[in-house]
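Asker: Sequence unavailable; structure follows:
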């Protein structure tokens with residue numbers, strides 16, 4: 001398992017993104033597909049994911065993926081500061 005966990009709900013629109021490619025691009029990331037993340041109100045209205053437990057959402061899948069990538073890079077930078 002990676003040091004960054006991205007959780008996605010199988011019922012959300014964001015599942016159409018190629019998450020396997022993200023794990024190749026960032027070996028530190030583990031993408032976990034869940035049946036439900038118990039955020040049904042958000043799930044119905046916006047693409048979203050949880051990155052290390054923090055909600056990331058946007059109006060479009062593309063915007064949401066960009067925000068997720070930014071958060072991953074931020075988490076990696078914070079981790080590197082600890083080393």
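Answerer: Yes, it's here. As the structure is a computational prediction, the values presented were derived from the model and not from experiment.
Asker: Do you have the strands of the protein handy? List them.
Answerer: For the chain, strands defined by DSSP state E occupy the ranges 4-9, 29-34, 48-51, 54-57.
Asker: With mean neighbour count, distance to residue 74 and mean pLDDT added, can I get these in TSV?
Answerer: C-betas here are computed from N, CA, C, even on glycine. Listed next are the strands of the chain as TSV, based on neighbours: other C-beta atoms under 10 Å; distance: least, C-beta to C-beta, whole Å; pLDDT from 0 to 100:
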stretch	mean neighbour count	distance to residue 74	mean pLDDT
strand 4-9	19	10	95
strand 29-34	16	13	93
strand 48-51	22	9	95
strand 54-57	16	10	95
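Asker: any chance of those strands in JSON lines, plus distance to residue 40?
Answerer: Below are these laid out as JSON lines (distance: least, C-beta to C-beta, whole Å):
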{"stretch": "strand 4-9", "distance to residue 40": "9"}
{"stretch": "strand 29-34", "distance to residue 40": "13"}
{"stretch": "strand 48-51", "distance to residue 40": "11"}
{"stretch": "strand 54-57", "distance to residue 40": "13"}
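Asker: which one of these lies closest to residue 78?
Answerer: strand 4-9 (10.2 Å; C-beta to C-beta).
Asker: follow-up on the earlier one: right, so of the strands of the chain, which gets closest to residue 76?
Answerer: In terms of C-beta to C-beta, the element of those nearest to residue 76 is strand 4-9, at 7.0 Å.
Asker: so what strands line up beside that closest one?
Answerer: Partners of strand 4-9 in the sheet, by DSSP bridges, are strand 29-34 (parallel), strand 48-51 (antiparallel).
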